[in-house]
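J.: mind folding the following:
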Amino acid sequence: MPYLRPERGRLALSVGAATLEVGCRLLEPWPLALAVDYALGGRPLSGPLQALAGLGSTGLLVSAGVATVVFSAVGGLLDACSQSLAQSAAERVGGEMRAAVFDHVLGLSLRWHDRVRTGEVLSRLSTDVGRVLDALVAVCATLLPSALLLAGALTLLLVVDPALAGLGLVVLPLLAWLTARQRRRVRAAELAAREANGRLAGIATDLLRNVRAVQAFGRLDRAAAMFARPNARVVAAEVRALRTQAWWSPVPDVVLALGAGTVLVVGGLQVQQGEITLGGLLVVLMYLGDLQSPVRSLVRLISTRAKAAASALRLGEVLDCTEAVADPASPQPVPPVRDGLRLESVRFSYSPDRPVLSGFDLAVAAGEAVCLFGPSGAGKSTVLHLLLRLYDVDAGRVLIDGVDVRALSVVELRRQLAFVPQDPWLLDATIAENIAFGSATATRAQVLAAGRAAWVDEFALSLPEGYDTPLGESGVLLSGGQRRRVALARAVVSSAPVVLLDEPTTSLDAEAARQVVGAIRSATRDRTVLLVTHDPVLAAIADRTVHVSPQWRDAVPESTARGVAPRAVSMQISARSPVPGDVGPTNSSTAAGADRERVGTGVLEPERR
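T.: Numbers count the residues shown, from 1 in each chain. A predicted model of the protein is given here:
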């Protein structure tokens, strides 16, 4: 896994410390044998132990006690060092993994985002990554040390007494079969629990994001019920997973106790017959205990690994997804928008059964302000999304200066288009930071200039901290009109020659709408503008209005609605004509013949007036 490479050094040190800790664990039984057989049992010292011959029985007991403390203390320090190194490395790996998943999610097509709840994505970024990290720590601090301890204990058991070792290990094949069977159950239970948690996170995110609507409609009971159902499913799934683990937890102990009990009986009989010493039997039993400890740890690791496997599967679904608006292999340079924008015979649908655009044509000359006017659901906002290449067309072409947008770098294309969305989302940051988000190179002076052009000065300068005033989550401290002006300033601060405006006055009262209209006229001077609205007052500021009809209407019988191509009418209204009551900057070049109609681009018919 590429995320592990930068942390290989720390992980290697963690494994090394864990290996030394295993060595201390393997030495722990021998001080007990020294005390029982030699200090208490009076057995003569032999071999390397003859170096302790002058200590006497009391000295041997003290030496055995000191050795026990030293081995335990050194082992504990090594274990702490191993855990610390593994966990710090795991957190860094987790940071890289979260960043990779987040970056990948940001680049995925909006078709993917339309299907997947935001809360579900957040669940994968937080909980699922955390469970993968738990498994990484467990591998370094539990799996490898336990495997080493198991191998060392087995080797020493076979050296000390092969017969008793065989009796103690006869239960291992049974335990291995039971463990493999249990792992499948735990993984299935954990995957179900993670999916339930993801659905709960999605619903909770939706409800909390719209808490004002919930309170305004007085539907706290309804929201609580919507949360309660998936919450109950999470509880049920988690309880099933916990029960699966809980019923399994005593099984390894019982199976291993069968082997230890058999060794105790047979070994005790051998001690009575003088075939082995009491100290030797205790050493064998302690090593069997050492066998039980790593086996028990490895069995417990099943749960951690099963959780991680379920989470890794969910993360892999995101990272393996290639549903993105792809850059061409050799992108062309982005043109400077001197000729204009054009959509030719565009067909697009969000789902096969509901076409949005069919045979749609539109031309916007450079420097022209065009308004897409029509009812909701006609596909006006979709035109902006296609220009931004948030979606790719199903058929036809979207052109900038005659170049298909699919031949351009997505990032470079979007730098040529400043976008003000219908929902003017704002960051939980200051006014200045929100405006600066529109350009990677924006200076403080450029931010303030954009604010002046978008009429942000009108309210920002009256705030205690001016442009450095925090706005709260989603700009909650501002009114709707103020949020739209900040969003407009964010578009203006970029050097993009094209400005795309999506319903900038929707849901505003007359005064707020008038101020936003004035800000638009001031901020978009000398730029190409494509404006989406169904507000005739806002449409009046455009050079030309294109009326777009829905591809289908629920209120129209199916026989007449099916297959109707979008209809557009280009109507010369004025050259950025002033709006009645507008106090903003005006353009003196009002076009003559404001009521003159002319047919726009595409196979269209004039509107009947």
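J.: just to be sure, residue 370 is in a strand?
T.: Yes. Assignment of residue 370 by DSSP: H, G, I helix; E, B strand; the rest coil places it within a strand.
J.: hmm, it is touching residue 542, no?
T.: Yes. Using Cβ atoms under 8 Å, residue 370 is in contact with residue 542, at 5.9 Å. For every residue, glycine as well, the C-beta is placed using N, CA and C.
J.: so what sits against both of those two?
T.: 529, 531 (Cβ atoms under 8 Å, 6 or more residues apart in numbering).
J.: low-confidence stretches in the stretch 351-500 of the chain?
T.: Counting by pLDDT under 70, the stretch 351-500 of the chain contains no low-confidence range.
J.: can you pull out the strands in it?
T.: Using DSSP state E, counting those that start in this stretch, the strands of the stretch 351-500 of the chain run over 354-365, 369-373, 395-400, 403-404, 417-420, 498-502.
J.: looking at these, which is nearest to residue 192?
T.: Residue 192 sits nearest to strand 354-365 of all those, at 33.0 Å, using Cβ to Cβ.
J.: CA atoms only: put that closest one into CSV for me.
T.: Extracted in CSV, the C-alpha atoms of strand 354-365 (Å, rounded to 0.1, in the frame of the first residue of the first chain):
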residue,chain,number,x,y,z
ARG,A,354,-36.2,11.7,-18.0
PRO,A,355,-34.5,13.6,-20.8
VAL,A,356,-33.6,17.2,-19.9
LEU,A,357,-32.2,18.6,-23.1
SER,A,358,-32.7,17.2,-26.6
GLY,A,359,-31.4,18.8,-29.8
PHE,A,360,-30.6,22.0,-27.8
ASP,A,361,-28.6,24.8,-29.6
LEU,A,362,-27.4,28.0,-28.0
ALA,A,363,-24.8,30.6,-29.0
VAL,A,364,-23.4,33.3,-26.7
ALA,A,365,-21.1,35.9,-28.3
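J.: partner strands of it, parallel or antiparallel?
T.: Applying DSSP bridges, strand 354-365 is found paired with strand 340-351 (antiparallel).
J.: go ahead and confirm residue 386 touches residue 397.
T.: No. Taking Cβ under 8 Å as the definition, residue 386 is not a contact partner of residue 397, at 10.1 Å.
J.: next, show the common contact partners of those two.
T.: Residues touching both residue 386 and residue 397 (Cβ under 8 Å, 6+ apart): 343, 346.
J.: average model confidence for the strand or helix carrying residue 258?
T.: Using DSSP states H and E, residue 258 maps to helix 250-272. Helix 250-272 shows a mean pLDDT of 75.
J.: which other residues reach it?
T.: 161, 164, 167-172, 174-175, 178-179, 182, 276-278, 281, 284-285, 288-289, 291-292, 295-296, 299.
J.: contacting residues around residue 534?
T.: Taking Cβ under 8 Å, 6+ apart, we find residue 534 in contact with 373, 374, 375, 376, 380, 503.
J.: mind checking which of these land in helices?
T.: residue 380 (DSSP state H).
J.: still on that earlier bit, residue 386 and residue 397 - which one has more neighbours?
T.: Set residue 386 next to residue 397 and count neighbours by other Cβ atoms under 10 Å: residue 386 wins out with 22 against 15.
J.: where does the most centrally placed residue in the chain fall, helix, sheet strand or coil?
T.: Nearest to the mean C-alpha position of the chain, by Cα atoms, centre = their mean, lies residue 125 at 3.3 Å. Secondary structure state of residue 125, per three-state DSSP, is helix.
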